[in-house]
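Participant: build me a model:
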Amino acid sequence: MLLDTASLYFRAYFGVPDSVRAPDGTPVNAVRGLLDFIARLVQDHHPDDLVACMDADWRPQWRVDLIPSYKAHRVAAEAPAGSAGPDEEEIPDTLSPQVPVIEEVLDALGIARVGAAGYEADDVIGTLTARASGPVDVVTGDRDLYQLVDDARGVRILYPLKGVGTLQLTDEALLREKYGVDGRGYADLALLRGDPSDGLPGVPGIGEKTAAKLLDTYGDLDGIIAAAADPASKLTPTQRRRLTDAAPYLAVAPKVVRVATDVPVPQGGFALPRKPADPERLESLAARWGLGGSLQRLLDTLQG
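Facilitator: Model (predicted):
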């Protein structure tokens with residue numbers, strides 16, 4: 001089981017009241033909400049391995065170099081010129097201080113936490129999925145990762161609809177029903193359609209339904225591009241013009257939209273912990289941040 005950690009703690013933050021606070025009054029709604037999420041996921045799905053995948057860089061420069069608008073609207077402050085660090089992401093004031101607490105608690109629990117410099121959590125998830133020798137459940141509120149769905153390999157997306165108690169089990173049948181494509185085709189659909197939430201412009205005038213029809217007719221993005229260059233193809237003149245005009249975007253968008261599968265991440269050490277890696281540290285964190293029942297429920301679930 002691979003967790004898109006930021007996606008889940010954002011959901012926890014907005015789903016749990018900020019009246020949930022530490023003894024000193026600091027909000028810990030995202031921390032406790034995430035612990036409750038993980039407890040429920042482990043209880044319901046019994047994974048052998050569990051990885052909290054992290055955004056070491058939420059807006060990698062190599063993606064921005066290809067499409068400058070990529071996530072640009074979510075930049076709170078740009079990294080200083082010459083800095084190796086990422087731009088600062090726009091995050092609610094009371095959430096950002098909770099992220100280091102989440103990281104400390106996961107480490108004390110012994111839940112594997114994996115990120116890689118210059119890559120997003122999506123890329124870590126893509127790499128670990130590609131490496132996996134057995135079934136994989138990816139838990140995320142980000143539809144971008146639908147591209148990983150693969151029935152033959154047992155890769156599915158668990159998409160939270162309400163908390164994590166109600167999850168949309170996303171497989172190829174659901175993708176075909178909702179979008180007209182399989183997992184492999186979803187990335188092509190997304191880059192043709194565009195995605196304002198990620199600053200991806202898409203091909204102007206080609207929406208989701210048209211993109212799905214083009215993919216059904218021509219197979220994949222390469223087939224669509226070949227059809228645009230072939231006067232004998234059955235594209236309408238307007239479609240041909242739109243695709244031709246968008247050629248520079250279509251040349252770079254696949255690398256931006258498709259998750260990396262070759263990220264330098266550990267080969268193992270992901271087994272679901274049955275007891276805390278650092279019980280004393282965990283006890284100290286529990287007292288400092290008032291983690292109470294949320295932490296105890298997770299500990300009971302892990303030990304059970």
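Participant: what residues does the longest strand anywhere in the chain touch?
Facilitator: In the chain, assigned by DSSP state E, the strand with the most residues is strand 155-162. The set of residues external to strand 155-162 that reach it, using C-beta atoms under 8 Å, 6 or more residues apart in numbering, is 8, 11, 41, 45, 129, 132, 135-141, 143, 145-146, 148-149, 164, 166-171, 183. No exception for glycine: its C-beta is placed from N, CA and C like everyone else's.
Participant: just the buried residues of those residues.
Facilitator: Neighbour-count burial (16 or more other C-beta atoms under 10 Å) applied to the contacts of strand 155-162 gives 8, 11, 41, 129, 136-141, 143, 145-146, 148-149, 164, 167, 170-171, 183.
Participant: quick check, Val259 in a strand?
Facilitator: No - going by DSSP: H, G, I helix; E, B strand; the rest coil, the assignment for Val259 is coil, not a strand.
Participant: contacting residues for it?
Facilitator: For Val259, counting by C-beta under 8 Å, 6+ apart, the contacting residues are Asp122, Asp123, Ile125, Gly126, Thr127, Asp144, Leu145, Gln147, Leu148.
Participant: let's go with 7 Å and repeat that
Facilitator: Contact partners of Val259, counting by C-beta atoms under 7 Å, 6 or more residues apart in numbering, are Asp122, Asp123, Ile125, Gly126, Gln147.
Participant: what's the answer for Pro276, then?
Facilitator: Residues touching Pro276, when contacts are defined by C-beta under 7 Å, 6+ apart, comprise Ala108, Leu109, Gly110, Leu282.
Participant: quick one: which of those is most hemmed in?
Facilitator: Tallying neighbours with other C-beta atoms under 10 Å puts Leu109 at the head of these, with 25 neighbours.
Participant: tally of neighbours for the residue nearest to Pro201 when sequence neighbours are not counted?
Facilitator: Using C-beta to C-beta, 6 or more residues apart in numbering and skipping residues adjacent in sequence, the residue nearest Pro201 is Gly194, 5.3 Å away. Other residues lying near Gly194 total 21 when counted by other C-beta under 10 Å.
Participant: same question, Asp93
Facilitator: Neighbourhood size, Asp93 [other C-beta under 10 Å]: 7.
Participant: which pLDDT value belongs to it?
Facilitator: pLDDT for Asp93: 90.
Participant: over to the one 10 residues further on?
Facilitator: According to the model's per-residue confidence, Glu103 sits at a pLDDT of 98.
Participant: which residues does the residue of the chain most remote from its centre contact?
Facilitator: Relative to the centre of the chain, the most outlying C-alpha is that of Ala232, 40.0 Å out, by C-alpha atoms, centre = their mean. Contact criterion C-beta under 7 Å, 6+ apart gives no residues in contact with Ala232.
Participant: that one belongs to a helix?
Facilitator: No - with three-state DSSP as the criterion, Ala232 is coil rather than part of a helix.
Participant: returning to what we had before: and the contacts of Pro276, which two are the farthest apart?
Facilitator: Of all pairs drawn from the contacts of Pro276, the widest gap by C-beta to C-beta lies between Gly110 and Leu282 and measures 9.1 Å.
Participant: which strand or helix spans the closest residue to Asp144 other than its chain neighbours?
Facilitator: Counting by C-beta to C-beta, 6+ apart, Asp144 lies nearest to Asp122, which is 6.2 Å off, once chain neighbours are set aside. Under the criterion DSSP states H and E, the helix or strand holding Asp122 is helix 121-131.
Participant: run the chain-centre distance for the helix or strand following that helix.
Facilitator: Towards the C-terminus, the helix or strand next in line after helix 121-131, according to DSSP H and E, is strand 136-139. Taking the mean C-alpha point of strand 136-139 and that of its whole chain, the gap between them comes to 10 Å (C-alpha atoms, centre = their mean, to the nearest Å).
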